[in-house]
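Q: Sequence and predicted structure, then a few things I'm wondering about:
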Amino acid sequence: MMDLGEIVAANRAGEPRGIPSWCTAHPQTLRAIFHAYRDDDSPILVEATCNQVNQFGGYTGMTPAAFRVFVEALARDEGVDPARLVLGGDHLGPNPWKAESAASAMAKARDLVAAYVDAGFRKIHLDASMACADDGVLAEATIAARAADLCAMAEGRGKSDLVYVVGTEVPIPGGETEALDALAVTSAEAVADTWSQHQQAFAAKGVSAALERVVGIVVQPGVDFGNDMVFSFDAAKTVALSASVSNLPGIVFEAHSTDYQSQQALGDLVRSHFAILKVGPELTFAFRQAMFALARIEELLAVPEPSNLVTVLRDEMLANPRDWRAYVATGERESQMMLHGLSDRVRYYWPRHAVQAALDRLRKNVIAARPEPGIVAQVTGGLVDPTISADELPRWMARNMVGDVVRKYRAAASEM
């Protein structure tokens, strides 16, 4: 099994090798990801963000230690050795507490990094780019100094296997909230400046040795997505940026928000030294597609006590709009884009009691109705597969649709 360092070295040497970074905490989606890896020995990079998982629980309610237990248990259930997992912490810094003073937010950010490292997370993205309540506009030197401060906390935990990612020129996590006309690709000069600032800051903090374990730098390759748009990768626009990787010692680029890119575009990213491909909402979007396909089967079969999953989900979202309102434009398609938008704000509503009850009813209804293979093929847009029994249909649909996304990324990264 190649480790992360070997993948980075291979990519820098010109091999079209990369690694997908699976950014999700949704259990059924993670199960589908692990199922897709069960027949080989490739490393599996799973990342959690600072808002999703932190020392106070984050929006998942999980600390880093709890997240590790959760992910490893799912991997075992799917027949995957947890030793293959590489756990990463994304945007580790003051972001969850940016409404507080810099002193307060950075104190919590140091505790955050310590919690991730102590829990066995190996890939640490140091991100102190967000301005706190008393900051004003942050200088690049301040951002780098705070990243070095966080690195010193990580280094002080006594772990020898840590690797780091630096840099912050990324799209909004989860997709853009406003319509954009174009994206600016990071310049080679900006990359050089970012690296220089970190070299100086790490030296000042006494952690220069950690720079040797920086494997990635985050830049903007011109890819992003919003609720109703996708910016596709254009390799011709990143020629100078891609060439600049040769000036960075042992480092590749990390691409954020690569969701919904074609396999060709993802492969082009890898060949352009964007060896780490982060994906999140597209995975849960595919899970949502699978559940809505099950709901369509239920509707076609006219079961006596339908789950009304789509209606229940819509009602929950309308009653609790905080997690989708900023991402969905008002207008005649608002309700549809709330449910079907690429930002997949639906993912925040699956844990709700009413939605879980509807999902449970849906699965039981479909299994009991014993849908014919032709109905399944019609709803999934696939070929008739008589080997799929009704009992395994709900899980198969999730594995199949999420698995399509996984297979696309793995093929682009030359993992299969």
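A: Okay, I see it. This one's a predicted model, so the numbers in the text were calculated from it and none came from an experiment.
Q: what's the closest non-adjacent residue to Asp3?
A: Nearest residue to Asp3, sequence neighbours excluded (Cβ to Cβ, 6 or more residues apart in numbering): Pro43, at 6.4 Å. Glycine gets a C-beta too; all of them are placed from N, C-alpha and C.
Q: from memory that neighbour sits against Arg84, does it?
A: Yes - with contact taken as Cβ atoms under 8 Å, Pro43 and Arg84 are classed as touching, separated by 5.7 Å.
Q: Give me the common contacts of those two.
A: Common contacts of Pro43 and Arg84 (Cβ atoms under 8 Å, 6 or more residues apart in numbering): Met1.
Q: burial measure for the residue nearest to Asp3, as a count.
A: 17 (other Cβ atoms under 10 Å).
Q: How about Ile124?
A: 26.
Q: wait, is it part of a strand?
A: Yes - counting by DSSP: H, G, I helix; E, B strand; the rest coil, Ile124 is part of a strand.
Q: Identify the residues contacting it.
A: 88-89, 92, 113, 116-117, 154, 162-165.
Q: ok, now with 6 Å
A: Contacts for Ile124 (Cβ atoms under 6 Å, 6 or more residues apart in numbering) come out as 89, 154, 162, 164.
Q: got it, and Leu294?
A: Contact analysis of Leu294 by Cβ under 6 Å, 6+ apart lists 362, 366, 394.
Q: Which is the succeeding secondary structure element to the strand ranked longest in the chain?
A: For the chain, the strand with the greatest residue count under DSSP state E is strand 85-92. Later in the chain than strand 85-92, the nearest helix or strand by DSSP states H and E is helix 102-118.
Q: Provide the secondary structure category for the residue sitting furthest away from the middle of the chain.
A: Of all residues in the chain, Pro304 sits farthest from the chain's C-alpha centroid, using Cα atoms, centre = their mean; the distance is 38.8 Å. Put simply, Pro304 is coil when judged by three-state DSSP.
Q: coming back round to it: any chance of JSON lines for the contacts of Leu294, columns neighbour count and secondary structure?
A: Converted to JSON lines, these look like this (neighbours: other Cβ atoms under 10 Å; DSSP: H, G, I helix; E, B strand; the rest coil):
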{"residue": "Leu362", "neighbour count": "24", "secondary structure": "helix"}
{"residue": "Val366", "neighbour count": "24", "secondary structure": "helix"}
{"residue": "Pro394", "neighbour count": "21", "secondary structure": "helix"}
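Q: Dump those residues into TSV; add pLDDT as well.
A: Shown next, in TSV, are those (pLDDT from 0 to 100):
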residue	pLDDT
Leu362	98
Val366	97
Pro394	97
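Q: What pLDDT is listed against the residue farthest from the centre of the chain?
A: With respect to pLDDT, Pro304 scores 95.
Q: Next one: Asn308 from Glu316, what distance?
A: Distance, Asn308 to Glu316, by Cβ to Cβ, to the nearest Å: 12 Å.
Q: How about Val366?
A: 21 Å.
Q: count of residues packed around Val163?
A: Neighbour number of Val163 under other Cβ under 10 Å is 19.
Q: Pull the contacting residues for the closest residue to Arg361 other than its chain neighbours.
A: Nearest residue to Arg361, sequence neighbours excluded (Cβ to Cβ, 6+ apart): Ser307, at 3.9 Å. Ser307 makes contact with 358, 361-362, according to Cβ under 6 Å, 6+ apart.
Q: Turn those into CSV, columns for distance to Ala255.
A: Output for the contacts of Ser307, formatted as CSV (distance: Cβ to Cβ, whole Å):
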residue, distance to Ala255
Ala358, 36
Arg361, 40
Leu362, 36
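Q: which one of these is nearest Ala235?
A: Leu362 (42.6 Å; Cβ to Cβ).
Q: which SS class is the closest residue to the closest one other than its chain neighbours?
A: Nearest residue to Leu362 in three dimensions, chain neighbours excluded: Ser307, at 3.9 Å (Cβ to Cβ, 6+ apart). When classified by three-state DSSP, Ser307 comes out as coil.
Q: and Ser307, how far is that from Ala201?
A: 54 Å.
Q: same check, this time on Met291
A: For Met291, the distance to Ala201 - Cβ to Cβ - is 46 Å.
Q: Count the neighbours of the closest residue to Gln55 other than its chain neighbours for me.
A: Excluding the flanking residues, the one nearest Gln55 by Cβ to Cβ, 6+ apart is Ala115, at 4.4 Å. Neighbour count for Ala115, taken as other Cβ under 10 Å: 20.
Q: Equivalent analysis for the one 10 residues further on, please.
A: Counted with other Cβ under 10 Å, the burial measure for His125 works out to 29 neighbours.
Q: so it bridges to which residues?
A: Beta-bridge partners of His125, counted by DSSP bridges, are Val165.
Q: I figured the residue nearest to Gln55 hits Asn54, correct?
A: No - assessed by Cβ atoms under 6 Å, Ala115 is found out of contact with Asn54, at 7.1 Å.
Q: How about the backbone phi and psi for the residue most central in space within the chain?
A: In the chain, the centroid-proximal residue (Cα atoms, centre = their mean) is Cys23; its distance is 2.4 Å. Main-chain torsions, Cys23, degrees, to the nearest 10: phi -110, psi 80.
Q: What residues does it make contact with?
A: 47, 278, 280.
Q: switch the cut-off to 10 Å
A: Taking Cβ atoms under 10 Å, 6 or more residues apart in numbering, we find Cys23 in contact with 45-49, 52, 88, 90, 173-174, 256-257, 259, 278-284.
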